[in-house]
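Asker: Here's my sequence, what's the structure:
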Amino acid sequence: MSMPKNLVPTPQEASPKTRLGTVAILGAGPAGLALARLLQVRGVAVTVYERDSSPAARRQGGSLDLRPDSGQRAIRAAGLEDVFARASREEAKVFRLVSSQGVEIPGAGEETHEDAGPEIDRGELRRLLLDSLEPQVVQWNHPVQDVVAAGDGRWRVEFSGQPSVVADLVVGADGIGSRVRRRLTDVTPVYTGRTMIAATVPQSSWRGSEISDMVGEGSVMFAGGDKTVFAQRCAGDLILLYFSMQVPQGWPSSGAQNGPDTTAVLTAVAEAYRDWSPELLSMLLQVDADTVQFWPLSVMPPQHRWNSQPGLTMLGDAAHVMPPFTGKGVNLALLDALELADALTGSGVGQPGNPSEDPARTRDEAVAVFERGMQERTRTEISACLDVGRNFYGIELTFPSEGDRTGVLTRS
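Answerer: Take a look at the predicted model:
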């Protein structure tokens, strides 16, 4: 997909906020790329450092729905509304809930899909954001090893196999394994006890098959007991399935050079779902074993806070990873990007004539305001997500009082 050239600001069109200093964004996922785009259109030069060797280095996952009040807001502010409309699929927002015996449950699940937006494949979203950026903004093959203080509120980012860089502001958009997070807090995500096993159905089943007819143009959640299978149609007729299982952290262990035995994994899945309709389960297990991937579901404590530090912040999964039970993860990440861009480029930030004429102070004050708002918003969102996990899967996560550093997992 090519980006219309008039969407990339020229130096004459931009209004640079030069006093923000150098900005380094770690991670070229939706949050990092959206922030880069939002800052770029406001005249702020940024660099994104990404561990992948290229945009095609790995599969980007399934389809996402962007909500009007969050994800789509960021897309509009980035000037990408028309591009998004062409790449997304309005018909794919249809959602159904089907029991483990193959019986549809009318109206179920509407509370988590009432504000669903059009679907866009994660790879397509990444592509349209990448195409909107100026050349060389994204530096590929830069796996972050550490982020260390460089003095005067600046930070040095150290990479594996690449020269380090020093920036006035480092933004961690580097996901659940964030290197930035550990410089802001020693709280880490808690495993929920659930892992999703993702796989695609063979191409021969993409159209005209039983699973294709059940999925339709949108998505279906098959649910029974404390187990689910989520099926969704992606662009190009690809159908993805996600089995959700209660397994120990680190499952499946692997002593093999090429990773876990996926055939054995699917056998374990079949055993775990043995109380489901045999016909339904047989249909759902017709997946390509070579495409199996594992997604352990973790969550940050909803009450988590950290003290702002000069020149450093984080957003998206780095700040508030949560399970996909409400389908809002990418929307919250994009909203983070919009709110941080607004804070950094708002009236007076880093400009002479403010009560504080120190650009670092005004920039860091803006970041602190952003962080407080994000933390309050995500407290509500994570709590709602955990409510769904409790009701659907019987997950009970008890987090200790503020000041303690670990979560305790119990099950009902």
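Asker: how deep is Ile239 tucked in, by neighbour count?
Answerer: By other Cβ atoms under 10 Å, 24 other residues sit near Ile239. In short, each C-beta sits where N, CA and C put it, glycine included.
Asker: What residues are bridge-paired with it?
Answerer: Under DSSP bridges, the beta-bridge partners of Ile239 are Arg233.
Asker: so what's it up against?
Answerer: Residues in contact with Ile239 (Cβ atoms under 8 Å, 6 or more residues apart in numbering) are 200-201, 205-206, 211-212, 215, 231-233.
Asker: Including neighbour count, could these go into CSV?
Answerer: Output for the contacts of Ile239, formatted as CSV (neighbours: other Cβ atoms under 10 Å):
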residue, neighbour count
Thr200, 20
Val201, 23
Ser205, 19
Trp206, 18
Ile211, 19
Ser212, 16
Val215, 22
Ala231, 24
Gln232, 22
Arg233, 25
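Asker: wait, doesn't Leu297 sit right on Val190?
Answerer: No: checked against Cβ atoms under 8 Å, the pair Leu297 and Val190 is beyond contact range at 10.0 Å.
Asker: Please identify which helix or strand holds the residue nearest to the spatial centre of the chain.
Answerer: By Cα atoms, centre = their mean, the chain has its centre lying nearest to Val330, at 4.4 Å. Val330 belongs to helix 329-345 when assigned by DSSP states H and E.
Asker: Repeat that for Trp155.
Answerer: Here Trp155 is assigned to strand 154-159, by DSSP H and E.
Asker: which secondary structure elements does that strand contact?
Answerer: Under the contact criterion of 3 or more Cβ pairs under 8 Å, 6 or more residues apart in numbering; DSSP states H and E, strand 154-159 touches strand 23-26, strand 144-151, strand 165-167.
Asker: For the stretch 101-250 of the chain, give me the ranges with low pLDDT.
Answerer: Across the stretch 101-250 of the chain, the ranges flagged by pLDDT under 70 are 108-115.
Asker: Would you map the helices across it?
Answerer: Taking DSSP state H, counting those that start in this stretch as the criterion, the stretch 101-250 of the chain carries its helices at 110-113, 122-131, 181-184, 210-215.
Asker: Adding distance to Gly175, write the ones you listed out as TSV.
Answerer: Formatted as TSV, these follow (distance: least, Cβ to Cβ, whole Å):
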stretch	distance to Gly175
helix 110-113	23
helix 122-131	13
helix 181-184	10
helix 210-215	28
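Asker: So which of these is nearest Val369?
Answerer: Of all the helices of the stretch 101-250 of the chain, it is helix 181-184 that lies closest to Val369, at 15.8 Å by Cβ to Cβ.
Asker: Buried ones in that closest one, by neighbour count?
Answerer: Neighbour-count burial for helix 181-184 flags 181, 183-184 (criterion: 16 or more other Cβ atoms under 10 Å).
Asker: and if you look at stretch 302-315?
Answerer: Across stretch 302-315, burial judged by 16+ other Cβ under 10 Å covers 302, 304, 306, 308-315.
Asker: Leu125: neighbour count?
Answerer: Look at Leu125: counted by other Cβ under 10 Å, it has 26 neighbours.
Asker: no wait, Ala268
Answerer: Counted with other Cβ under 10 Å, residues neighbouring Ala268 total 17.
Asker: and if you look at Arg122?
Answerer: Counted with other Cβ under 10 Å, the neighbours of Arg122 add up to 17.
Asker: my read: it touches Arg58, true?
Answerer: No: counting by Cβ under 8 Å, Arg122 sits too far from Arg58 to count as a contact (11.1 Å).
Asker: still on that earlier bit, give the buried residues for the strand holding Trp155.
Answerer: With burial defined by 16+ other Cβ under 10 Å, the residues of strand 154-159 counted as buried are 154-157, 159.
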